[in-house]
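Colleague: requesting a structural model of the entry that follows:
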Amino acid sequence: MTLRNGFTHLCVSAVIAVTFGLLAGLSNQVIAAEDSDNAEVLSFSYRRLLPLEGGSNFRDLGGYPTDDGGQVKRGLLFRSGAMTGLTDTDQNYLDNFGFKTIIDLRSTEEVELYPNHWAVASNIDHLRVPYSILEMMAQAVEVSEQKDGDSHGGMYDTLLTTIKPQLKLYFKALLQGRAPLVVNCSAGQDRTGVTSALLLASLGVSREQIIEDYLLSTDFRRPLIEAGSVDLTEAAKTNGFAAMMLQYGEGKDPSRPSPLVTAEGVPFIVATLEGIKKQYGTVDAYLKSELGLSEDDLSKLRELYIAY
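Modeller: Model (predicted):
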């Protein structure tokens, strides 16, 4: 088992992303917003993926129906890949939403290689829990070897443990009402995918819709934007994440992102959802047991982020 196998589909890739709006019904025609200071009004400037020149997988989690007849509020809850490529125009557009918080799931190595300039320029609270990507992947590889080389099974089986401090930080910010808020990792698909799935489940979004949202990353990512202009060969001398990117991209077709499904066509997120179901019964029970949320907290999340 190589580190590359264990690293497959982590929130980084050296492949060319499919451009904006490939999914039917999800095109991004900008509609002028009369009140640019109002996130709700601005939410009409896109369907789901935000119209950003230098963004990757930056999209709204709002609009999904909930099990109690409501709908997740638009313009408040976002997910994204790395934001290093955001242009001045992008930053000005995003500033109109009034973003309060960025929850960054990336490791210390990733943040050092690809800093978030927008957070600094716009004085947005940029919250993260430092950790090493090397240690995270070592755990994934160990579990992968126990699964006869199923690298994705290993990574997704360990994510709930390896990013538990980040999950606590995310839900704490949500309960504090620190929205508009965006959660991100490098590609916005694995760590961010699991985090977003937990949130949507807590709000009563169906499992089918959660999986559908997870799979959108394959179409909405722009890995060349994520990779930026960093000289990975030079950076790899001192940065473990850069070394992983080089190893992961070796011999791969840079024009096609790998789909987020197993060889049998099962979305990788299913392993996480099934693991929660088997051990806890429901996502709400997991959130209570492992993240310390109370029934009142779960009710508050719905009050804050569901429209009726």
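
Colleague: now the strands for this protein?
Modeller: Using DSSP state E, the strands of the chain run over residues 59-60, 71-72, 77-80, 101-104, 125-128, 181-184, 306-307.

Colleague: average pLDDT across the first one?
Modeller: To tie it back to what came earlier, the one meant is strand 59-60. Throughout strand 59-60, pLDDT has a mean value of 98.

Colleague: what is that strand packed up against?
Modeller: Using 3 or more C-beta pairs under 8 Å, 6 or more residues apart in numbering; DSSP states H and E as the contact test, the elements touching strand 59-60 are strand 77-80. Bear in mind the C-beta positions are built from the backbone N, C-alpha and C, glycine included.

Colleague: any idea which residue sits dead centre in this structure?
Modeller: Among the residues of the chain, the one closest to the centroid is Thr192, at 2.4 Å (C-alpha atoms, centre = their mean).

Colleague: so Thr195 sits right up against Lys168, yeah?
Modeller: No: using C-beta atoms under 8 Å, Thr195 and Lys168 do not qualify as a contacting pair, with a distance of 11.0 Å.

Colleague: okay, now Arg191: neighbour count?
Modeller: Arg191 is flanked by 25 other residues according to other C-beta atoms under 10 Å.

Colleague: that one touches Asp104, doesn't it?
Modeller: No: the pair Arg191 and Asp104 does not pass the contact test of C-beta under 8 Å, sitting 10.1 Å apart.

Colleague: re the thing from before, now for the residue nearest to the centre of the chain: which residues touch it?
Modeller: With contacts taken as C-beta atoms under 8 Å, 6 or more residues apart in numbering, Thr192 has the following neighbours: 11, 79-81, 105, 183-185.

Colleague: low-confidence regions, the stretch 51-200 of the chain specifically.
Modeller: Low-confidence segments of the stretch 51-200 of the chain (pLDDT under 70): 143-154.

Colleague: do a quick rundown of the helices in it.
Modeller: Assigned by DSSP state H, counting those that start in this stretch, the helices in the stretch 51-200 of the chain fall at 88-95, 108-113, 117-121, 133-146, 151-162, 164-175, 191-202.
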